[in-house]
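Peer 1: Just the structure for this:
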Amino acid sequence: MSKFIPYKNESDVLHIGGLMIENRLDRITISGDIDLTADQAGLADAHALRQLLVDVVAKLEAQSLPARLPPTTNTIVANPFE
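Peer 2: Predicted coordinates for the structure are as follows:
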């Protein structure tokens with residue numbers, strides 16, 4: 001399994017508990033929910049989340065960032081099934 005490198009590609013997905021973390025070139029999308037239970041499983045999830053955030057912060061701090069990204073644009077394409 002390859003390491004999740006933040007902002008590296010548009011295809012990596014990481015699962016931590018009930019969270020889905022999607023990699024993008026300009027953003028990391030986190031969706032879902034998680035219970036950090038007071039057991040070994042909760043501790044493992046907490047460590048995984050901490051490492052993800054450490055990696056994201058390190059990557060962001062190493063770049064020259066704009067104040068804010070422009071809004072994403074949506075493109076409507078013809079339905080190939082019609």
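
Peer 1: use CA for all of it now, contacts and neighbours both
Peer 2: Fine.

Peer 1: What residues are bridge-paired with the nearest residue to residue 34 once chain neighbours are set aside?
Peer 2: Excluding the flanking residues, the one nearest residue 34 by CA to CA, 6 or more residues apart in numbering is residue 18, at 5.0 Å. With DSSP bridges applied, residue 18 shows beta-bridge pairing to residue 33.

Peer 1: Tell me who's in contact with residue 18.
Peer 2: 32-34 (CA atoms under 8 Å, 6 or more residues apart in numbering).

Peer 1: Kindly indicate which of these lies nearest residue 22.
Peer 2: For these, the residue nearest residue 22 by CA to CA is residue 32; the value is 11.3 Å.

Peer 1: the helices in this protein, which residues?
Peer 2: 40-61 (DSSP state H).

Peer 1: just to revisit the earlier point, among the contacts of residue 18, which one is most surrounded by other residues?
Peer 2: residue 34 (14 neighbours; other CA atoms under 10 Å).

Peer 1: Now do the contacts for that residue.
Peer 2: By CA under 8 Å, 6+ apart, the neighbours of residue 34 are 16-19.

Peer 1: Could you report the separation of it from residue 15?
Peer 2: Distance of residue 34 to residue 15, computed by CA to CA, to the nearest Å: 10 Å.

Peer 1: can you tell me the distance between the two ends of stretch 72-82?
Peer 2: Stretch 72-82: ends 27 Å apart by CA to CA.

Peer 1: neighbours around the closest residue to residue 21 other than its chain neighbours, how many?
Peer 2: Closest residue to residue 21 apart from its sequence neighbours, by CA to CA, 6+ apart: residue 30 at 4.5 Å. For residue 30, the count of nearby residues is 14 (other CA under 10 Å).
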